[in-house]
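S.K.: Return a 3D structure for these sequence lines:
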Amino acid sequence: MTLVDLALGPRPDEPGPPINGPAAYPADVQSRLAADAATIVGKYPQPRSALLPLLHLVQAEDGYVSTAGIRFCAAQLDLTDAEVSAVATFYSMYRRTPTGTYLVGVCTNTLCAVMGGDTILATLEHHLGITAGQTTADGALTLEHLECNAACDYAPVIMVNWQFYDNQTPTTATTLTDTLRTPTPQHPTRGTPLPTFTTTCRVLAGLPTDLGEGTGPGAATLAGLRIAAEHDMQAPADTGPAAAPSSSADAPEPEAVDSVRDEPAPAPSATVPAEPGTAETDPSTTGD
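M.R.: Numbers count the residues shown, from 1 in each chain. Modelled structure (predicted):
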């Protein structure tokens, strides 16, 4: 086991042994990924700016960020394994253990919890026979405990491969996961037809992928805009930066600026440290 393996050990919600996969990709995989990596890196003025999409690329290959993936990214960007590992272990979207075809995330943050998110998570753990962070035996589903999906207007929300399923209940959640094991998984509430986890990662890597026609935000998300339009409400006008002086009379003369610039700074006034319990004394005002 290497230091990279230890650094890429599972998060608390990803039980299991540290990653100890192959140290490098086979030559054919290396060549194929290098072609994709060149496309990605070419989009950035500084090559190391491509690290995040490259991590999605290797995650699309393995279903998680493996040791081989870390070393591939490091070699492409002339970074150390430790530098790449530091980034991969910081962001929760980079998985550290093998992930199922569908990553099912249940939000239990404040509003989703109030609306039943904790009950949905407990129901799915019982229904799937796993706990958050684990993958079903058939490799189809990985269950994840999420904090916030930024979709509070549709709470409680489940995300599958980061696609939204809004206004969920324990019953609709179990039905959803059942469809994920069929050839026709349930369509997200909004967004494109549901891709697999690895396909999603290729999209996040910035590689061309045809996901089909998608849908935009729903009525709850746009409610504020609708109310603003009905009441003719607008944001305050941008007044721009403060106006420049209108005439040269408002600005200092060049000579004055130069004279101030060239004038030596006054010497600091001397003071005598005060005795404990007394005020500080100016020697210029005291007699002998």
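S.K.: Find the nearest non-adjacent residue to residue 57, please.
M.R.: Distances taken as C-beta to C-beta, 6 or more residues apart in numbering place residue 205 nearest to residue 57, at 4.3 Å, with adjacent residues excluded. All C-beta spots, glycine's among them, are computed from the backbone N, C-alpha and C.
S.K.: And the helices in the stretch 1-150 of the chain, which stretches?
M.R.: Assigned by DSSP state H, counting those that start in this stretch, the stretch 1-150 of the chain shows helices spanning 3-7, 27-41, 51-62, 67-77, 81-88, 110-114, 117-128.
S.K.: Next, give phi and psi for the spatially closest residue to residue 151 that is not a sequence neighbour.
M.R.: Nearest residue to residue 151 in three dimensions, chain neighbours excluded: residue 157, at 4.6 Å (C-beta to C-beta, 6+ apart). Per-residue torsions, residue 157: phi -120, psi 140 (degrees, to the nearest 10).
S.K.: who's in contact with residue 157?
M.R.: When contacts are counted by C-beta atoms under 8 Å, 6 or more residues apart in numbering, residue 157 is found next to 107, 112, 149, 151, 164-168.
S.K.: how about TSV for these, with pLDDT added?
M.R.: Output for the contacts of residue 157, formatted as TSV (pLDDT from 0 to 100):
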residue	pLDDT
107	94
112	93
149	83
151	89
164	94
165	96
166	94
167	94
168	96
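S.K.: Format the helices of the stretch 1-150 of the chain as a markdown table; extra columns: mean neighbour count.
M.R.: Formatted as a markdown table, the entries for those read as follows, by neighbours: other C-beta atoms under 10 Å:
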| stretch | mean neighbour count |
| --- | --- |
| helix 3-7 | 16 |
| helix 27-41 | 14 |
| helix 51-62 | 23 |
| helix 67-77 | 22 |
| helix 81-88 | 19 |
| helix 110-114 | 16 |
| helix 117-128 | 19 |
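S.K.: from what I can see residue 44 touches residue 50, true?
M.R.: Yes. The pair residue 44 / residue 50 is scored as a contact, 4.8 Å apart, by C-beta atoms under 8 Å.
S.K.: got the helices of the stretch 1-150 of the chain as CSV, with distance to residue 221 columns?
M.R.: Formatted as CSV, those follow (distance: least, C-beta to C-beta, whole Å):
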stretch, distance to residue 221
helix 3-7, 38
helix 27-41, 31
helix 51-62, 26
helix 67-77, 35
helix 81-88, 31
helix 110-114, 14
helix 117-128, 19
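S.K.: and residue 236, which of those helices is closest to it?
M.R.: With C-beta to C-beta as the criterion, residue 236 lies closest to helix 110-114 of those, at 29.0 Å.
S.K.: and the closest one, how far out from the chain's middle?
M.R.: Relative to its chain's centre, helix 110-114 lies at 21 Å (C-alpha atoms, centre = their mean, to the nearest Å).
S.K.: if we look at that helix, which residues are touching it?
M.R.: For helix 110-114, the surrounding residues in contact (C-beta under 8 Å, 6+ apart) are 148-149, 152, 155-157.
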